[in-house]
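[1] Structure, please.
(4 chains)
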Number of protein chains: 4
Amino acid sequence: MQLGIVGLGKMGGNMRTRLRNAGHEVIGYDRDPNLSDVDSLEALVKGLEGPRAVWIMVPSGDATRDTVHALGELLSEGDILIDGGNSRFTDDLVHAEHLAPKGIGYVDAGVSGGVWGLENGYALMVGGSDEDVSRLMPIFEALKPEGEYGFVHAGGVGAGHYAKMVHNGIEYGMMHAYAEGYELLAASEHVTDVPAVIKSWREGTVIRSWLLDLLDNALREDPELADITGYSSDSGEGRWTVEEAIRLAVPLHVISASLFARFESRQDDSPAMKAVSALRNQFGGHAVQSKK
Amino acid sequence: MQLGIVGLGKMGGNMRTRLRNAGHEVIGYDRDPNLSDVDSLEALVKGLEGPRAVWIMVPSGDATRDTVHALGELLSEGDILIDGGNSRFTDDLVHAEHLAPKGIGYVDAGVSGGVWGLENGYALMVGGSDEDVSRLMPIFEALKPEGEYGFVHAGGVGAGHYAKMVHNGIEYGMMHAYAEGYELLAASEHVTDVPAVIKSWREGTVIRSWLLDLLDNALREDPELADITGYSSDSGEGRWTVEEAIRLAVPLHVISASLFARFESRQDDSPAMKAVSALRNQFGGHAVQSKK
Amino acid sequence: MQLGIVGLGKMGGNMRTRLRNAGHEVIGYDRDPNLSDVDSLEALVKGLEGPRAVWIMVPSGDATRDTVHALGELLSEGDILIDGGNSRFTDDLVHAEHLAPKGIGYVDAGVSGGVWGLENGYALMVGGSDEDVSRLMPIFEALKPEGEYGFVHAGGVGAGHYAKMVHNGIEYGMMHAYAEGYELLAASEHVTDVPAVIKSWREGTVIRSWLLDLLDNALREDPELADITGYSSDSGEGRWTVEEAIRLAVPLHVISASLFARFESRQDDSPAMKAVSALRNQFGGHAVQSKK
Amino acid sequence: MQLGIVGLGKMGGNMRTRLRNAGHEVIGYDRDPNLSDVDSLEALVKGLEGPRAVWIMVPSGDATRDTVHALGELLSEGDILIDGGNSRFTDDLVHAEHLAPKGIGYVDAGVSGGVWGLENGYALMVGGSDEDVSRLMPIFEALKPEGEYGFVHAGGVGAGHYAKMVHNGIEYGMMHAYAEGYELLAASEHVTDVPAVIKSWREGTVIRSWLLDLLDNALREDPELADITGYSSDSGEGRWTVEEAIRLAVPLHVISASLFARFESRQDDSPAMKAVSALRNQFGGHAVQSKK
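    Predicted structure coming up:
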């Protein structure tokens, strides 16, 4: 079927390729003319026969909202707009409400797969009406990995990004569990070959996983992670996961600790620990590192 | 080659089968005569030609220590004793020192694989001298999964159980990361089919893993986990992991939180939260649930 | 000076009393005619000479917003409205913006003190313009405890509730630190008189505090906290504190753990731990408590 | 009464002074002849009339054990030895058992008060037999603060250090709760005078405490904590508290997080976060800070 894609960065561009490989007709638009198939959003919309489907793959927040609004002016009743970016699920509710009076359908799609998705397929978590999701199934089928997994219609509008948000929250926790284990192995005088231990875990263990495979890859390239710093950004979904946990009164010790560790990785010195040092200095006797 | 196995429970019995299937000659001893090949430890030792190798697969702590001591009296110089149970790595150091004056070698083996190991192989993490480990390689080769993973000689005596301990610590953290994500999905009004979301994650996602496959299996059998309680024991390795982190000054937020969650799962009411309630009651105005 | 108070519950009523004891003229309005000095908001506003000051002391959220809006219709240019309730600081920004076009000033006041405040004074954290805060100083002076502490002009509009929010976040963490210590003492076979230990800490220790005094009081009345449950609600400020930490990328391990403990106290069984049990059941061998 | 004190550092020396001010006869021994009243342990023991009481105030671990052993050779049946240092409670059990065959009593005393103790008194938590503790009450009375608080006979041998250990664990948690609140205030654009907020909390609030007074003092000297680093050691008791929690299956989220924060404060870069960065780098697209 026909699909428009807005945003042809690493993800959007690879998705266009995968869809074309599957025989779909894709018109892509990007602000960068070197990536774009057409000159404008208008041209993209005109190039598609109705009822149209347009997939947005731009940064979440302002850029996505602006694109939704711009396409809302160009699309017609019966068209469907899909947000495949990393939007907060609450944005989906706003966008769907914005488009509904025009008769434009809205589907949100959480997409996982990174640079490996072009070849292996993208895991898709989608939210929207049964009707809209059904119409888009050929696209989803082409994007998803082969087999019975890798796609879910998780619920109404917002449910796709919600599921992706929780996926990323779990990812934070899993990564930090491995990371703590790595640090402990590296600190121990008993284990003499840490990368070999990690590598051995790839088969037969309870903790085997794709992330563990990646950790093995990373240690093969840099066995002591000497060329990398711990400085780590966070992408939104981790924060939203903890915010949702607070809203729903769900205890989230592990995922929140993983999020806080990212915050800490970006601090030169911890203001909290400066306060602890100051207190210990006050009640005396404790050697405190002073800058004086 | 020949191997004696002491302890023919679920793990030891299956390992005997897997080794025999690979063509090794195994003599097993268990206190339960229905499981045992011989009548006594003495008979097991006599049945093996020197230099012997005897694999202990009994509960950690007293049972393992008593078995090490008993075999220490029966084995001869040049024999090797392997502890494949869930022992603390510090016990290995004591056991090796106990056997060294008699010229008996000692190797510790952390074993992962559970009920699936018979068919798929057991991941093995071993500690000991190069010489002892080399002599036992035919056994390790038969027990481990096929392929390049699933076996590591992690260091000297104790390193095998150390690596297994960290493996289990990571397992605690990973399981709890999934568990928190599950709870959040289940609490949300947005996601209407939680088991379908979990199932979809098995391919194409960052968080795909064997544990996730198991979670899908569990939810297929019981979509709301209605027939299971949260009461969960802990097996030693989780506690030892946190103790090691304390010894080595390694921050372990995620794994310790996962361990504490198990403690909490066994409490009817939290004494700490009773103290919080009592405090809130004192400074007034807060409705406190009283048993009166 | 004159002050109107809207909301004469435990807090508002006691504040009226304390202000009157200090010689101020207070007109109070409450929906409950038994508590109220006047019949209506209109009557309250008419009873005050301009420029007026009216202090709102009603539940945060809808009730406060509705009261701000109602008073916004009744008050005149040059009047000041004070929100002394437990509002989120973000509400203050909205309320101030709502009143500004009418020339009505807005001050937010975080109030601490509970049932002890009538006698000992209320700690006040206020936000607003220098001019508005200066005009209200006689009221603040009468409400605050004697001495140099217990009052701060923390910044512009919202800063008062912000400071109170952080105060309550710290309160969560402190209470849980004591609570964990209490639980550990109670679990130990070494300490035979837990209440006596807590009591002794009230002088000469690093951890002496008003909260510790309250814990001693509580244990005097109920040495094993036998008549109280751990079920504990949470009042908003704890959640807002963690939300702010997420917004500002501040690691907040202690306060978030204290908040999550309250969530847990209200769960009969932990869905997360049910998932952990289900996983352990799958990979086998672990005894799992089944409801079957 | 008479008392020998071994170890005249900051704590031991001040305690000697406080006891002498109360009219007790104290003979002090220290390896530093400038501090010592006598030349040797032998001279100290000879200078006391039987039945003697000797208070050890030296570093925990080897130094305390060696002193206990040395005094065990010099003291006689009916004498009492008190360990007032920061020993682990498990050491007390060993020491008491070592001295029992000689008829020498043993009492452990956890001491709090720091540099303020000389003037205000030291909080004492003691463990030992009723008989031994009774005989030492005149010493305890002189050391403790005035009033009904500041002293507890917490249980048998070890209970004193146990109570002190938990005291210090709580101290870790409280300090970190304040520290997190401080960091959040400092990060906020809403609160413009952080030290003034902290100062105001000293009266009328739920979180007023001696530690808060100290934080106010520290911020008065250095309002932005500009001259201090977050680097913070940990003294043993925090680690022991978490170890005990693990032994007794007590969840200890807050205190363990506070301990881990100290570990983190001493790391230049987090090995765990390097592993997280390496993983994110592997699955692609995330900007990772490389040292290359």
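
[2] tilt between the helix ranked longest in chain A and helix B:159-187?
    As assigned by DSSP state H, the longest helix anywhere in chain A is helix A:159-187. With axes from the mean of the first three to the mean of the last three C-alpha atoms, to 10 degrees applied, the angle from helix A:159-187 to helix B:159-187 works out at 160 degrees.

[3] chain center to helix A:159-187: distance?
    Distance of helix A:159-187 from its chain centroid, counting by C-alpha atoms, centre = their mean, to the nearest Å, is 13 Å.

[4] gap between the two ends of stretch A:197-213?
    Distance across stretch A:197-213, first residue to last, is 12 Å (C-alpha to C-alpha, to the nearest Å).

[5] Would you mind checking the average pLDDT for the longest helix of chain A?
    Averaging pLDDT along helix A:159-187 yields 98.

[6] the strands in the stretch 101-250 of chain A, which residues?
    Remark: strands assigned in the stretch 101-250 of chain A by DSSP state E, counting those that start in this stretch are A:105-112, A:123-127, A:151-155.

[7] on contacts alone, who are the packing partners of the second one?
    The one in question is strand A:123-127. Under the contact criterion of 3 or more C-beta pairs under 8 Å, 6 or more residues apart in numbering or on different chains; DSSP states H and E, strand A:123-127 touches strand A:105-112, helix A:130-143, strand A:151-155, helix A:159-187, helix B:194-200. Where you see a C-beta, it was placed from the backbone N, CA and C, and this is true even at glycine.

[8] Next: the last one.
    Other elements packing on strand A:151-155 under the criterion 3+ C-beta pairs under 8 Å, 6+ apart are strand A:123-127, helix A:130-143, helix A:159-187, helix B:194-200.

[9] Strand partners (parallel or antiparallel) of the shortest one?
    Pointing back at strand A:123-127 there. Here strand A:123-127 has these sheet partners by DSSP bridges: strand A:105-112 (antiparallel), strand A:151-155 (parallel).

[10] Alpha carbons only: can I get it in PDB?
    What follows is strand A:123-127, C-alpha atoms only, in PDB (Å, rounded to 0.1, in the frame of the first residue of the first chain):
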ATOM      1  CA  ALA A 123       9.000  -4.200  17.200                       C
ATOM      2  CA  LEU A 124       5.800  -2.300  17.100                       C
ATOM      3  CA  MET A 125       3.500  -1.400  19.900                       C
ATOM      4  CA  VAL A 126       0.400   0.400  18.500                       C
ATOM      5  CA  GLY A 127      -2.600   2.200  20.000                       C
END
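
[11] ok so, going back, of all the helices and strands packed on strand A:151-155, which lies closest to D:G204?
    With C-beta to C-beta as the measure, helix A:159-187 is the member of the helices and strands packed on strand A:151-155 nearest D:G204 (39.6 Å).

[12] Can you lay out the helices and strands packed on strand A:151-155 as CSV showing distance to C:H161?
    Listed next are the helices and strands packed on strand A:151-155 as CSV, based on distance: least, C-beta to C-beta, whole Å:
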stretch, distance to C:H161
strand A:123-127, 35
helix A:130-143, 43
helix A:159-187, 29
helix B:194-200, 37
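
[13] so does the worst-scoring helix or strand of chain A on mean pLDDT get close to chain B?
    The weakest-scoring helix or strand in chain A, judged by mean pLDDT, DSSP states H and E, is helix A:117-120 (a mean of 90). Yes: applying C-beta under 8 Å from any C-beta of the partner chain, one finds helix A:117-120 touching chain B at A:G117, A:N120.

[14] okay, now the domains of chain A?
    A:2-155, A:165-268 (automatic domain parsing).

[15] most neighbours per residue, which of those?
    Among these, ranked by average contacts under mean count of other C-beta atoms under 10 Å in any protein chain shown, first place goes to domain A:165-268 (a mean of 23).

[16] measure it end to end?
    With C-alpha to C-alpha as the measure, domain A:165-268 spans 29 Å from end to end.
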